[in-house]
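A.B. asks: Next one to model:
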Amino acid sequence: MTTMKRAAKKKVKSNKPKYMKRDYVAVLLEDMRGDIKAVAEGHLSLNEKIDSFRSSLDGKIDSFREDFSDFKSEMTDFKSEMTDFKSEMTDFKSETKANFKVVKDFLSRIEDELVDIKEEIGRIKADKADKREFDWLKDKVLELEKRLDKYQKHFLLSTRQVKT
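C.D. replies: Numbers count the residues shown, from 1 in each chain. Take a look at the predicted model:
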């Protein structure tokens, strides 16, 4: 090996005494300890903030879950009530149709009776029946016409109420 290489391989010795090196390292360690302590305190503060936020968020999530559960329950009840209401309205519609058919049939029979009575009156007039029979038939026709008017008015009122 050449002398240059040997010189490069030799360690360069510091002229500083060993106690100065220790003091320097001690100062560096003390400085680092302060920095580490500041980082640890910052970390602790962040943990406290995160815990506080998490606690607050957990409370809000629990409250939301309760509210949503209540809403879901209310919607289920509402759906059930609407199903019942729909069923009731279907029954009401069927009953109303049946009732109107009965009323219509009844009014139709009364109209048929009136037609028959009017025909009978026509025959009586043609046969020149006595006045008492004619008056009786006339009264009967008036009575039936009044009943027919009454039932027609009632029927019309009923249909108006059903439409509203």
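A.B. asks: Give me the pLDDT value at M20.
C.D. replies: For M20, the pLDDT comes out at 66.
A.B. asks: likewise the one 4 residues further on?
C.D. replies: Model confidence at Y24, expressed as pLDDT, equals 82.
A.B. asks: in which helix or strand would I find it?
C.D. replies: Here Y24, judged by DSSP states H and E, is contained in helix 18-127.
A.B. asks: Likewise for L148?
C.D. replies: helix 131-163.
A.B. asks: what's the offset of that helix from the middle of its chain?
C.D. replies: 50 Å (CA atoms, centre = their mean, to the nearest Å).
A.B. asks: Please identify the buried residues of that helix?
C.D. replies: 137, 141, 144 (16 or more other CB atoms under 10 Å). C-betas here are computed from N, CA, C, even on glycine.
A.B. asks: Packing partners of that helix?
C.D. replies: helix 18-127 (3 or more CB pairs under 8 Å, 6 or more residues apart in numbering; DSSP states H and E).
A.B. asks: Show me what the helix it packs on packs onto, helices and strands only.
C.D. replies: On a contact count with 3+ CB pairs under 8 Å, 6+ apart, helix 18-127 meets helix 131-163.
A.B. asks: show me the residues around L144 that make contact.
C.D. replies: L144 makes contact with 110, 113-114, 117 under the criterion CB atoms under 8 Å, 6 or more residues apart in numbering.
A.B. asks: Could you pick out the buried ones from those?
C.D. replies: Listed as buried from the contacts of L144 are 110, 114, 117; burial here means 16+ other CB under 10 Å.
A.B. asks: Go through the residues you listed and name the one nearest S87.
C.D. replies: I110 (35.2 Å; CB to CB).
A.B. asks: quick one: contacts for the nearest residue to that closest one once chain neighbours are set aside?
C.D. replies: Once flanking residues are discounted, I110 sits nearest to L148: 5.0 Å by CB to CB, 6 or more residues apart in numbering. Residues near L148 by CB under 8 Å, 6+ apart: 107, 110-111, 114.
A.B. asks: Let's have the residues you listed in JSON lines, adding distance to E30.
C.D. replies: JSON lines is the format used below for the contacts of L148 (distance: CB to CB, whole Å):
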{"residue": "L107", "distance to E30": "112"}
{"residue": "I110", "distance to E30": "117"}
{"residue": "E111", "distance to E30": "118"}
{"residue": "L114", "distance to E30": "122"}
